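A.B. asks: generate a structure from the sequence data that follows.
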Amino acid sequence: MGFLTPLFLVAGLAAVVPLVLHLLSRDVGPVVSFPMVRFLRPTTVEQARKRRPTDWLLLALRMLALLLLALAFGRPFVEDPEALAKTRGAVVAIDTSASMKAPSTWAEARTRALAAIDAVPSQEAVAVIAYDDAVHVLQPLSADRASARAQVEALVPRAGHGTIDAAVRGALDVLASREGRITIVSDLQRSSVPTAFDVPEGVSVSLVAVPPAAANLAVASLDGDATSIRATISNAGGDPRTVAVSVSHDDREIGRPMLTIAPRASATATVETPQPRTGVLRVAVEDPGGLPDDDARVRVLDPAPAIAVFVVTAPDRARDALFVEAALGAVDPSVPFAVETVTADRVDAAAIDRLRQRDGVLVLMSTRGMPAERRRTLAAWMQGREGRTLVAVGPEIEAGALSEMFGSATTLRVREADAVPLPTALVAADVRHPIIAALGDERSGLDAARVTRVVRLAGIESGVVMRFANGLPALVDTPVGDGRIVVFASDLSMQWNDLPRQPVMVGLTASLIRELARRDEVVEAIGDATGDLQRPRVVSGARGRVAVNADPAESQIDVAAPAEVEAAIVRSGKQLGIPPAAIARDTERAQSWWRVAILVMALVLVIESVVGAVRRAPVTGGA
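C.D. replies: Numbers count the residues shown, from 1 in each chain. Below you'll find the predicted structure:
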């Protein structure tokens, strides 16, 4: 038994008050005057006997009521014998990346994971997670060992590339500020080991290394031109390998050269035939003892489909879309753009459905004239998984309407830019960002643009791609809900700047749209019910057929020693663990014994009232 506020128990001493009152009280009979005694002198009669309570039942009820009141304010609770398990936990993290698919590797990993579950003390909860491209929580912290074992036994390797630091972060999320242990079962592939990762104090990390594949052949690349088709095969093993390389087009073999590859090296197989213009090219090798996913590689030769671009303009300024259309029309026609202009008053559900079906990009240049209902329709698309939007915040964009569409999905807000140096120019802030990197040497032309008016982008935590020369953010790439937006803090219609006149406008616009249109279709396409790759293949995406190939990082069988991984751990110094007071508070809140004490006290007071009324009732008798 414990008490959340034990000081209130001192109030239980008030239970002696009824005792004192009972001792001080005495029965006083009615005063009756007799004529014959009025001449007697009054005198005080000393009481020789001790005073005792005259009504033990009433005394007990009153004292019990006060004791129950003090008990209720003390907030009692029954201590949980498994309270320690609530302050600590154990997480078993299993590597399910493609490098674990070697038969002997996965069998050993499953055995070691089951042993790690059995080794967790019975008073601690255990969780099971798997990690590859993402962390999958198979079982949250629980005392159910049978369920944890069942999750491991049903687990299969997947297709992605996992890292140790991602596994640790996922395990810490499961621990949720508890102290505990993290057991990582992995082949410790060297490419999965970071140079450093944080682990708070109070959490230990144990590494269970399983043997990787002894050897592995992988199709590392596949390309071709008008004269030949070339495939690069890598040998990660310690012995030379000679293998037949099968090259096929649309399931018809067009070549089968033999190739000898030195240990831990690569070699290129060449088929002297022009690369076809369309169809699917496939290269495969036979490697029974290696990893299965990288034994083949496919390449789609179909012409790239056009990227759909919907430009939203003001109802009376549809011509503003011409600047975007002209810039996109001047780029390499091998990746065409299909531009459609929609005025703000016509952005309805049908238009959004067309955009969704074509997997397109929205360029928002105006919100003027857009009814509130259609703004909500557009906002739902922007914040959804399909949402990819370029917003040019010029004179036709209403800041209030934009904030309404953003809602609470992002902290980004548009404000007036007062007292800033103007005119200004554009400067690349993140040269590694794909939008800027795609410009190459053209980015030097950004400073040629003359910008006469800008807006201030507030609430930015990260994602600044370009700045104005006066220091304000000019281009921001940020998520909004599950969608993605790129916001330009000026316009693209020649009203606030002369960017459309500059040569860099062509490359910048194309880079913006291509980056927004880029979708990691491989990740979406990978997967049957288990998320397994099922060997490289071709799937149909919203913009045509897509080649799905294994991650090259998973083809390497070079592993790190556990000591190397442990050396990368950086203790953050953050103290974990749930305070005992918090556990007591949660336990007491769940049990709520104080309510029972109050109810019993109320019942006692009712009984006391009834008994007292009976005691005070006059006794009548016959003459």
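A.B. asks: make it CA atoms for all contacts and neighbour counts henceforth
C.D. replies: Fine.
A.B. asks: how close does A372 get to E404?
C.D. replies: 9 Å (Cα to Cα, to the nearest Å).
A.B. asks: please disregard the earlier target; I meant V92.
C.D. replies: In terms of Cα to Cα, V92 sits 44 Å off from E404.
A.B. asks: returning to that earlier point: between A372 and E404, who's got more neighbours?
C.D. replies: E404 (15 against 12; other Cα atoms under 10 Å).
A.B. asks: list the contacts of the helix or strand where that one lies.
C.D. replies: Here E404 sits within helix 399-406, counting by DSSP states H and E. Residues outside helix 399-406 that contact it (Cα atoms under 8 Å, 6 or more residues apart in numbering) are T367, R375, R376, L378, A379, Q383, L412, R413, V414, R415, V480.
A.B. asks: mind listing what's buried along it?
C.D. replies: A399, A401, L402, M405, F406 (16 or more other Cα atoms under 10 Å).
A.B. asks: also stretch 4-16?
C.D. replies: L4, F8, L9, A11, G12, A15.
A.B. asks: what's the answer for stretch 467-474, then?
C.D. replies: So, applying 16+ other Cα under 10 Å, buried residues of stretch 467-474: R467, F468, A469, L472, P473, A474.
A.B. asks: one more: stretch 417-435?
C.D. replies: P423, T424, A425, L426, V427, A428, A429, V431, H433, I435.
A.B. asks: mean confidence for it?
C.D. replies: Confidence over stretch 417-435 (mean pLDDT, whole number) is 90.
A.B. asks: just the terminal-to-terminal distance for that stretch.
C.D. replies: By Cα to Cα, one end of stretch 417-435 lies 25 Å from the other end.
A.B. asks: and it, how far from the chain's centre?
C.D. replies: Offset of stretch 417-435 from its chain centre (Cα atoms, centre = their mean, to the nearest Å): 31 Å.
A.B. asks: if we can go back for a sec, of the contacts of helix 399-406, buried ones?
C.D. replies: T367, R375, R376, L378, A379, Q383, L412, R413, V414, V480.
A.B. asks: OK, contacts around Q383?
C.D. replies: For Q383, counting by Cα under 8 Å, 6+ apart, the contacting residues are F406, A409, V480, G481, D482, G483, R484.
A.B. asks: measure it to P305 for me?
C.D. replies: Taken as Cα to Cα, the span from Q383 to P305 is 25 Å.
A.B. asks: quick one: buried residues of the longest helix seen in the chain?
C.D. replies: Determined from DSSP state H, the single longest helix within the chain is helix 593-616. Applying a neighbour-count criterion of 16+ other Cα under 10 Å, one finds W593, W594, A597, I598, V600, M601, V604, L605, E608 buried in helix 593-616.
A.B. asks: shouldn't the last one be in contact with L59?
C.D. replies: No: in terms of Cα atoms under 8 Å, E608 does not count as a neighbour of L59; the distance is 9.0 Å.
A.B. asks: now the helices for the stretch 51-200 of the chain?
C.D. replies: Using DSSP state H, counting those that start in this stretch, the helices found in the stretch 51-200 of the chain span residues 56-73, 83-87, 103-118, 145-153, 164-175.
A.B. asks: just put those helices in a markdown table and tack on mean neighbour count, distance to S490 and mean pLDDT.
C.D. replies: Converted to a markdown table, those look like this (neighbours: other Cα atoms under 10 Å; distance: least, Cα to Cα, whole Å; pLDDT from 0 to 100):
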| stretch | mean neighbour count | distance to S490 | mean pLDDT |
| --- | --- | --- | --- |
| helix 56-73 | 20 | 63 | 82 |
| helix 83-87 | 18 | 53 | 55 |
| helix 103-118 | 18 | 55 | 93 |
| helix 145-153 | 17 | 53 | 94 |
| helix 164-175 | 21 | 38 | 92 |
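A.B. asks: can you list those helices in CSV and add distance to L446?
C.D. replies: Formatted as CSV, the helices of the stretch 51-200 of the chain follow (distance: least, Cα to Cα, whole Å):
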stretch, distance to L446
helix 56-73, 71
helix 83-87, 56
helix 103-118, 53
helix 145-153, 54
helix 164-175, 37
